[in-house]
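> How does the following fold in three dimensions:
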Amino acid sequence: MTFFSKGMTVLSKPKVIIGILMHDSGRQLGCYGAPDAITPNMDRMAKEGVRFQHHYSTGTVCIPSRTSVLTGNCLHNASICFYDHTVTTLPRVLKTAGYKTLRCGFAEEKEYRPIAGGPYPHGDFNVSGTSLLGYDQSITDSSQAADVVENIKNALKEQNGPIYIAAAFTEAHSPYDLPVTEDDIDAAVLPPKLPQLPDTRPAREMLARFNKAVTAADSAIGAIMGFIEDNGLYEDTLMYVSSDHGIDFPRAKQSCY
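Next up, the predicted model:
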């Protein structure tokens, strides 16, 4: 997890907080030592801010991890999955602290239905984002990074007070369908902590396509950073990036290892 801030003291209250929870990116970032990663913007965040080295996920798939981020509890103690609208969540805490709260992109609660045994009563994820999770506003029509960036820009243009924006991109969730070249495939370096991943061309090609998706997300993060700087918000913004869990490869995502 990385932080992007400048000039703020530990005790200062930022006017803008932007939290980006990536899909499946794990530690495949340049700032975490991945030699084949092209992530200049997240690497810049790590250099200028704080890089967490002992940051753990509470779940090996999306919803358990994201539920913990929302509530501070492990999944089996997060009754929000059973549609408890009274649960203390991060957006509710920040709303109490005076922030307008906005969720853009992926809907964290989209898989609650099999856990709770049935669909969310209201059906609409934007409704559940506000009534169940506690955001003031929810925009889930698209979780493509480029679309999420535009929603964030629009929110920052309109904001006239403290605002917290929770953003989640589709990138780098599978399927990995961005085009890659032979050079991209040759440059792919299989993570050494995945011994069950054979050093074969198909494995390298999959990793190369995955890296392309991570780079696409990194470019979106760079666009957000650029907008913040261009609009005089740099000194008043706290921006952090994390991943919900490991990459979607053997012995990573969906594995306790």
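> Wait, a strand at A167?
Yes: judged by DSSP: H, G, I helix; E, B strand; the rest coil, A167 forms part of a strand.
> Can you get me a residue count around it?
Residues contacting A167 under the criterion other Cβ atoms under 10 Å number 27. C-beta here means a position set from N, CA and C on the backbone, and glycine is covered the same way.
> I'd like to know the beta-bridge partner residues of it.
I20, C104 (DSSP bridges).
> where's it relative to I17, distance?
Separation of A167 from I17 (Cβ to Cβ, to the nearest Å): 11 Å.
> Also D230?
With distances taken as Cβ to Cβ, D230 is found 19 Å from I17.
> can you check A78 too?
22 Å.
> how about H173, secondary structure?
Assigned by three-state DSSP, the conformation of H173 is coil.
> Not counting sequence-adjacent ones, nearest residue to it?
Distances taken as Cβ to Cβ, 6 or more residues apart in numbering put H23 closest to H173, at 3.9 Å, once the chain neighbours are dropped.
> so who does that neighbour touch?
Residues near H23 by Cβ atoms under 8 Å, 6 or more residues apart in numbering: C62, F106, A168, F169, T170, E171, A172, H173, S243, D244.
> Let me see the confidence value for it.
You'll see H23 listed with a pLDDT of 90.
> cool, and A223?
Each residue has a pLDDT score; the one for A223 is 98.
> That one belongs to a strand?
No: membership of A223 in a strand is not supported by three-state DSSP, which gives helix.
> Which residues are in contact with it?
Counting by Cβ under 8 Å, 6+ apart, A223 touches V149.
> what about 10 Å?
N41, A145, A146, V148, V149, E150, I152, K153 (Cβ atoms under 10 Å, 6 or more residues apart in numbering).
> Which strand or helix spans the last one?
Following DSSP states H and E, the helix or strand that holds K153 is helix 145-158.
> Repeat that for the first one.
If you go by DSSP H and E, N41 is part of helix 40-48.
> Check which helices and strands the following helix or strand past that helix sits against.
Beyond helix 40-48 on the C-terminal side, the first helix or strand identified by DSSP H and E is helix 62-71. Packing partners of helix 62-71 (3 or more Cβ pairs under 10 Å, 6 or more residues apart in numbering; DSSP states H and E): strand 16-22, helix 90-96, helix 112-116, strand 163-168, strand 237-243.
> what pairs with the last one, and is each one parallel or antiparallel?
It stands for strand 237-243. strand 2-4 (antiparallel), strand 16-22 (parallel).
> How much space separates C81 from A155?
Going from C81 to A155 by Cβ to Cβ gives 27 Å.
> related to what we said a few turns ago, list the buried residues for the helix holding N41?
Neighbour-count burial for helix 40-48 flags N41, M42, D43, R44, M45, A46 (criterion: 16 or more other Cβ atoms under 10 Å).
> I'd like to know which elements that helix is packed against.
strand 2-4, helix 201-230, strand 237-243.
> Turn the ones you listed into CSV, including distance to P162.
Formatted as CSV, those follow (distance: least, Cβ to Cβ, whole Å):
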stretch, distance to P162
strand 2-4, 17
helix 201-230, 15
strand 237-243, 11
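> Please identify the deepest-packed of the helices and strands packed on helix 62-71.
Most buried of the helices and strands packed on helix 62-71 by mean neighbour count (mean count of other Cβ atoms under 10 Å) is strand 163-168; its value is a mean of 25.
> Which elements pack onto it?
Secondary-structure packing of strand 163-168 (3+ Cβ pairs under 10 Å, 6+ apart): strand 16-22, helix 62-71, helix 90-96, strand 100-105, strand 137-139, helix 145-158, helix 201-230, strand 237-243.
> Mean confidence (pLDDT) on the second one, please.
This points to helix 62-71. Averaging pLDDT along helix 62-71 yields 89.
> ok, now the fourth one?
Rounded to a whole number, the mean pLDDT of strand 100-105 is 96.
> now it, how far from the chain's geometric center?
Once both centres are worked out by Cα atoms, centre = their mean, to the nearest Å, strand 100-105 turns out to sit 13 Å from its chain's centre.
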